[in-house]
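S.K.: all I have is the shape, not the residue letters:
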């Protein structure tokens, strides 16, 4: 078996995931073994099941790696991204939309409590809608504000579930 | 004759205009609660409980029961329309329900779910009327070893979901099991894998994982698609009718099988509706002449799990009445409500308060009819949601995902967790790793560990306890068959020549 096809086939999702999960699982086993245990006599301690799962995960990762790299009739799901990786499309461009959607959610997580539910949610809706469709600012702003206020009133006034009021509170 | 006399006594109470009104209110609120992400029946009943204290106990429990099974109806709506299961038991519905919506068959999927829920709810109520007590007594024979074996069986059903790539299914299951270990160990109080984050001591909430893996991941995939092609994928809703005769015929047997599986499983505390919906899905795929259609919009993949989870919900309620044992967090809250009303659920309740018990059972017949009348016309309204411009629809989905997870415990961490699960779900979707096994394992993992440790405590550490108890052994043999079938299929497919490619 030549090393060249082997090295090429490593740079796909399945083998990389399998390879990555092995050291992570070993690290987690170490963490669990090092955790101080409660002095309660038990037939099976709290470490048995997590360690058992992680050992199985390592075994599964080896099989997954073997199947992805050496197996015949490799799953097409892994071949497609491999082909995509060779295309001229840059990684950043490929995942640009996904990253921008995620960025909106991250910002939302940070501003929700300080500026309040209504303003943060209005921002989120306008931002995400703008990402998915150019223009239509007025429509997006109207929907964003209307939905935010509506949901706030339903949760806070009707269901008595508190949402952050922020600077409007 | 006693049965008929009791039932007519129940109907005489349940058919009073006040009780019909409260049954309607409960069913309506339950449907709304089921549709709203994050506000599941547990939160819904907890919020509305104080309102019922001033009411007559029978009317109060009729309304709470309406919320309980109404939310099971409503939960399927978001699973089908936007791939966002608000409840663990609705995950199996996503697998084919959302695919049907993508193909323009949202109305059929919603109607199948509504009719299946009515069918299963009604049959389960009839079964309750006839055999509630013996079934509940059989469930009492389940000790920790049987529970462990049953949950192991549920895990093996993922084979049916991942026949094309069993190693990926296994990987997904193991990740789900591991995530279930995060948080405080119930028996010793030891905190595991939280890495100093206090909010993780309660573990990872199923709703966060489900919404991330399904709904957020779907929005990410759609965002990528829109950025690439410039045109969003529109789910044109087809058909003037809710469901065609052929679709109804295709759904009928899955309804029956799902109801049977669900009702039997509903007797088992903690795991009934979720486990039964997955088992029903696996069963449908096994008996189908076209298993390759599952996961691609097979109507049987909606009918079976929907019937199963509704039958299980009804079953769990009955066992609460008959034995006083709550089968889920929701029924546990209802048990608390019963006690507050001065009623002690259990066998004596049937003797001491027959008018109350039979009024509840009679109201369940009425409630199921109300839910069908309420939900079938709503099919058109809900399906219209898919006509919203994609930019607005997906922005709203993301907003409701965030609101849903934030209101679980008012922790911003959950928004970041749902985002993380969204990214994981996105890659799982792109690389064909099934998300459903991860969720099933996350839901059952903790219960499975407790059952394992209690079993071994009972047997002084003897692992043969799972094989020496007849019920446990039978369940394990069934699990072994479930495990072997996809493995054999996979090995046979690999052994076959690949045709030169």
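M.R.: Right, received. Where do you want to start? Everything quoted here is computed from the prediction, not taken from an experiment.

S.K.: ramachandran coordinates for residue B:191?
M.R.: The phi/psi pair for residue B:191 (degrees, to the nearest 10) reads phi -90, psi 130.

S.K.: count the neighbours of it for me.
M.R.: For residue B:191, the tally of surrounding residues (other Cβ atoms under 10 Å in any protein chain shown) stands at 18. The way it works is simple: take the backbone N, C-alpha and C, and place the C-beta from them, glycine included.

S.K.: go on, residue B:109?
M.R.: 32.

S.K.: how about it, nearest residue that isn't a chain neighbour?
M.R.: residue B:100 (4.0 Å; Cβ to Cβ, 6 or more residues apart in numbering or on different chains).

S.K.: and that neighbour, what is it in contact with?
M.R.: Neighbouring residues of residue B:100 by Cβ atoms under 8 Å, 6 or more residues apart in numbering or on different chains: B:80, B:106, B:108, B:109, B:297, B:299, B:302.

S.K.: helix or strand: which one has residue B:65?
M.R.: helix B:57-82 (DSSP states H and E).

S.K.: does that helix come close to chain A?
M.R.: No. Figure legend: helix B:57-82 not in contact with chain A (Cβ under 8 Å from any Cβ of the partner chain); closest approach 12.8 Å.

S.K.: what helix or strand is residue B:367 on?
M.R.: Per DSSP H and E: residue B:367 is located in helix B:354-384.

S.K.: immediately after that helix, which helix or strand?
M.R.: Following helix B:354-384 in sequence, per DSSP H and E, is helix B:390-409.

S.K.: what's that following helix packed up against?
M.R.: Counting contacts by 3 or more Cβ pairs under 8 Å, 6 or more residues apart in numbering or on different chains; DSSP states H and E, helix B:390-409 packs against helix A:96-115, helix A:117-132, helix A:137-153, helix B:206-210, helix B:217-229, helix B:412-430.

S.K.: just want the most central residue of chain A.
M.R.: In chain A, the residue lying closest to the centroid (Cα atoms, centre = their mean) is residue A:102, at 9.5 Å.

S.K.: so which of the contacts of residue B:100 belong to helices?
M.R.: B:80, B:106, B:108, B:109, B:302 (DSSP state H).

S.K.: residue B:197: which of those is nearest?
M.R.: Among the ones in helices among the contacts of residue B:100, residue B:80 lies closest to residue B:197 (Cβ to Cβ), at 34.3 Å.

S.K.: what about that closest one, how many neighbours?
M.R.: Around residue B:80 there are 30 residues (other Cβ under 10 Å).

S.K.: that one and residue B:113 touch, don't they?
M.R.: Yes. If you go by Cβ atoms under 8 Å, residue B:80 and residue B:113 touch, sitting 6.6 Å apart.

S.K.: mutual contacts of these two, please.
M.R.: Residues touching both residue B:80 and residue B:113 (Cβ under 8 Å, 6+ apart): B:93, B:97, B:302.

S.K.: output the below-cut-off pLDDT ranges for the stretch 301-450 of chain B.
M.R.: The stretch 301-450 of chain B contains residues with pLDDT under 70 at B:319, B:323, B:325-329, B:347.

S.K.: so which residues on it come close to chain A?
M.R.: B:389-392, B:394-396, B:398-400, B:402-403, B:406-407, B:410, B:412, B:415-416, B:419, B:422-423, B:426-427, B:430-432, B:448-449.

S.K.: quick one: find the helix or strand in the chain with the lowest mean pLDDT.
M.R.: No chain was given, so I picked chain A. helix A:76-86 (a mean of 47; mean pLDDT, DSSP states H and E).

S.K.: my question was about chain B
M.R.: Using mean pLDDT, DSSP H and E, the lowest element in chain B is helix B:158-161, with a mean of 62.

S.K.: past that one, which element shows up next along the chain?
M.R.: helix B:166-181.

S.K.: next SSE downstream of that following helix?
M.R.: Following helix B:166-181 toward the C-terminus (DSSP H and E): strand B:183-184.

S.K.: which residues touch that following strand?
M.R.: B:190, B:191, B:192, B:193, B:194, B:200, B:201, B:202, B:203, B:204.

S.K.: got a PyMOL select line for the buried ones in these?
M.R.: A single PyMOL command selects the buried members of the contacts of strand B:183-184 (16 or more other Cβ atoms under 10 Å in any protein chain shown):
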select buried, chain B and resi 190+191+192+193+200+203+204
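
S.K.: which among the contacts of strand B:183-184 are in contact with chain A?
M.R.: B:190, B:192, B:193.
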